[in-house]
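Q: Just the structure for this:
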Amino acid sequence: MQIGRLQQHAESFQHGADGYDRHRPGYPEESVRWLRGAPSTPQDVLDLGAGTGKLSAAMLAHGDRVTAVDPSADMLRVAAERMPELTTIVGSGEHIPLPDASVDLVTVAQAWHWMDEELVTREVVRVLRPGGRLGLIWNSRDAGVPWVAALSTAMHAELNATAFVPTLGAGMTVVGRHVERWTQCTDRAGILNLATTRSYYLVAGEAERAAMLARIEAVLDAHPETRAETILLPYVTEGWLAVPWTGEFA
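A: Below you'll find the model as predicted:
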């Protein structure tokens, strides 16, 4: 994707937070536990690119102290309404509005690809305490299932990074990866509404939006799994852990 188009798609999330929060899935508990790590005591967590706080909520449920940072005030409004105990700050990964060495864990859910990898990596290293970690997590529809592959094509799969592999900037290295397969119970309306939260829908004109929804309707009509009242939408959740580079892994 060209840089101009990438920026356009990233900026599409400045509004529409209520729909995003209603229709996007959260993250499975096993993946959250792996990402969070072993500590049984509360941690200071920065959820970067937090959106409406899908991952923030899971960290709060473990007793952590969570600060959610996102460029969209609208997204953070929804997060704060749902979670009064959450600290929310408008900001970006390239200029994290926190002091040096102030958090134990930085999480980025579904947002790393919107950021400048070199700048955000440098900022993550700056705000992490000694022994701190960066955790990345990503939900993808399981395109190994034929009807899901057809759905992704109808949704413009070339803009949906279902095979995302994170690239870090200088100063950090990946030390672990976790994969979990799960299904979300939804229905026809849920899948159509999900499509309206994707960046490629948000930046499209009215004619293309209508054409996209028509393509999705055709997929849902064509498969027995999606003609049922309850649809099981399979996902693959991938997580990565990274730590500041010290040379000890060379």
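
Q: Run through the chain and note the low-pLDDT ranges.
A: 1-21, 23, 157-164, 246-250 (pLDDT under 70).

Q: what's the longest helix in it?
A: Counting residues, the longest helix found in the chain (DSSP state H) is helix 206-222.

Q: Helix or strand next in line after that helix, which one?
A: Per DSSP states H and E, helix 206-222 leads on to helix 224-227 as the next helix or strand towards the C-terminus.

Q: how about that next one: buried residues?
A: Within helix 224-227, the residues that count as buried by 16 or more other C-beta atoms under 10 Å are T226. C-beta here means a position set from N, CA and C on the backbone, and glycine is covered the same way.

Q: Which neighbouring elements make contact with the longest helix of the chain?
A: Under the contact criterion of 3 or more C-beta pairs under 8 Å, 6 or more residues apart in numbering; DSSP states H and E, helix 206-222 touches helix 146-154, helix 188-195, helix 199-202, helix 224-227.

Q: Next, format these as a markdown table and append distance to P28.
A: Converted to a markdown table, these look like this (distance: least, C-beta to C-beta, whole Å):
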| stretch | distance to P28 |
| --- | --- |
| helix 146-154 | 17 |
| helix 188-195 | 17 |
| helix 199-202 | 23 |
| helix 224-227 | 20 |
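
Q: Looking at those, spot the one closest to D70.
A: Nearest to D70, of all those, is helix 199-202, at 14.7 Å by C-beta to C-beta.

Q: tell me what the closest one is packed against?
A: helix 3-11, helix 206-222.

Q: Go ahead and flag the most central residue of this protein.
A: In the chain, the residue lying closest to the centroid (C-alpha atoms, centre = their mean) is Q110, at 1.9 Å.

Q: ok, it - contacts?
A: G49, G51, K54, I137, W138, N139 (C-beta atoms under 8 Å, 6 or more residues apart in numbering).

Q: what does the longest helix of the chain contact?
A: Residues external to helix 206-222 that are found in contact with it (C-beta under 8 Å, 6+ apart): 147, 150-151, 154-156, 188, 191-192, 195-196, 200-201, 204, 226-227.

Q: One more pass at 6 Å, please.
A: Around helix 206-222, the neighbours that count as contacts under C-beta atoms under 6 Å, 6 or more residues apart in numbering are A150, L151, A154, R188, A195, T226.

Q: nearest to E238, of the contacts of Q110?
A: Using C-beta to C-beta, W138 comes nearest to E238 of the contacts of Q110, at 5.1 Å.

Q: quick one: which helix or strand includes the closest one?
A: Secondary structure assignment for W138, by DSSP H and E: strand 128-141.

Q: quick one: buried residues of that strand?
A: Buried residues in strand 128-141, counted by 16+ other C-beta under 10 Å: L128, G132, R133, L134, G135, L136, I137, W138, N139, S140, R141.

Q: Look up how far S102 lies from the fifth one.
A: Spelled out, it's G135. 16 Å (C-beta to C-beta, to the nearest Å).

Q: same deal with the last one?
A: R141 sits 35 Å away from S102, taking C-beta to C-beta as the criterion.

Q: State the number of residues packed around A61.
A: Burial of A61 is recorded as 10 neighbouring residues (other C-beta atoms under 10 Å).

Q: same check, this time on T67
A: For T67, the neighbour count with other C-beta under 10 Å is 23.
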